[in-house]
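Q: Model the following, please.
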Amino acid sequence: MAPLAPQLVLAQPAAPQRPDCARDLSRDQLPAAYGEGPAVWLSSAANGPVELRLTEPVALCLHGFRAGEEVAVTLSVGGRSFRTGVRPEEAAVPEGEEPAEALFGGAGLSVYGEDGGVQGSRAWLLVPPNVPREALAKAGSFQLTAQQGALTATHGQGIAPPDHPAGVAAAGSPRQLVVSGYHPGELVPVGLYRRSDAGDAAQLVSRVGEVVMPVSRVAVFAVPEAAVPADGAAYCVMVPAEVPGNCPKV
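A: Residues are numbered from 1 along each chain as shown. The predicted model follows:
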């Protein structure tokens, strides 16, 4: 088990990149027919529709579906299917993120107009709930199906576990730390840090728990409310070997 750093040097985190669904078609990373008729895929900020990894920012992409009418999008993996009602909008993509359980929690999703008749959602961190998360890691691939009346599209994509240690916070998940990238079976401690008044450093206060890395190399740690002192100071949580600059607030 790697030790927690006694002190962290913090920096202003870089603004996350958003996947670009329209650009995916111009990169020749998808079949040419996807730009001519109904199509569906997930796009990552780093590599578009290829080399998807758990915990990275992704967006849902559609092409060839009518605005204003719901599209039924189903993600299938390991004998399980997860359905989401998706509504194409003509407006531009708004600011903000979708929750990490997007496409798996049953809540609806909107996609917005981009260039070339492509529609893309707001981005989210690809951190599904535990059962589909482990299924994705074991299968190494999944299938998307989109249907709107007589219009239908399917697409299969590969997916891999995260490949470097990290601890991040997902949108809509207060007091939760997404721990990822460690080897399966590894015990990873979570430390509570007090941030300096200047916000450029953080000092270790205590170890508040640990997680055991599953096959997916992704675990979600819920920070106990009682572990954070109610003294008005700023606190954050982090795991070992994280890139300086990241320590999600709690």
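
Q: Which positions within stretch 17-25 qualify as buried?
A: Across stretch 17-25, burial judged by 16 or more other Cβ atoms under 10 Å covers Arg18, Pro19, Asp20, Cys21, Ala22, Arg23, Asp24, Leu25. To be clear about C-beta, it is placed using only N, CA and C from the backbone, and glycine gets the same treatment.

Q: Determine how far the last residue of that stretch lies from the first.
A: 18 Å (Cα to Cα, to the nearest Å).

Q: what's next to that stretch, contact-wise?
A: With contact meaning Cβ atoms under 8 Å, 6 or more residues apart in numbering, stretch 17-25 is reached by 30, 34-35, 41, 43-46, 48-49, 57-59, 61-63, 93, 114-116, 118-120, 122-123.

Q: Among these, name the ones in strands.
A: When DSSP state E defines the strands, the subset of the contacts of stretch 17-25 inside them is Trp41, Ser43, Ser44, Pro57, Val58, Ala59, Cys61, Leu62, His63, Val118, Gln119, Gly120.

Q: what helices or strands is the top strand by length along the chain leaning on?
A: Longest among the strand segments of the chain by residue count, using DSSP E, is strand 201-212. Judged by 3 or more Cβ pairs under 8 Å, 6 or more residues apart in numbering; DSSP states H and E, the packing partners of strand 201-212 are strand 7-9, strand 187-195, strand 218-222, strand 235-238.

Q: Could you rerun that using 6 Å?
A: In terms of contacts (3 or more Cβ pairs under 6 Å, 6 or more residues apart in numbering; DSSP states H and E), strand 201-212 is packed against strand 7-9, strand 187-195.

Q: thinking again about what came up before, can you tell me which of the contacts of stretch 17-25 are buried?
A: Buried among the contacts of stretch 17-25 by 16+ other Cβ under 10 Å: 30, 34-35, 41, 43-44, 48-49, 57-59, 61-63, 93, 114, 118-120, 122-123.

Q: Could you identify the longest helix within the protein?
A: helix 130-139 (DSSP state H).
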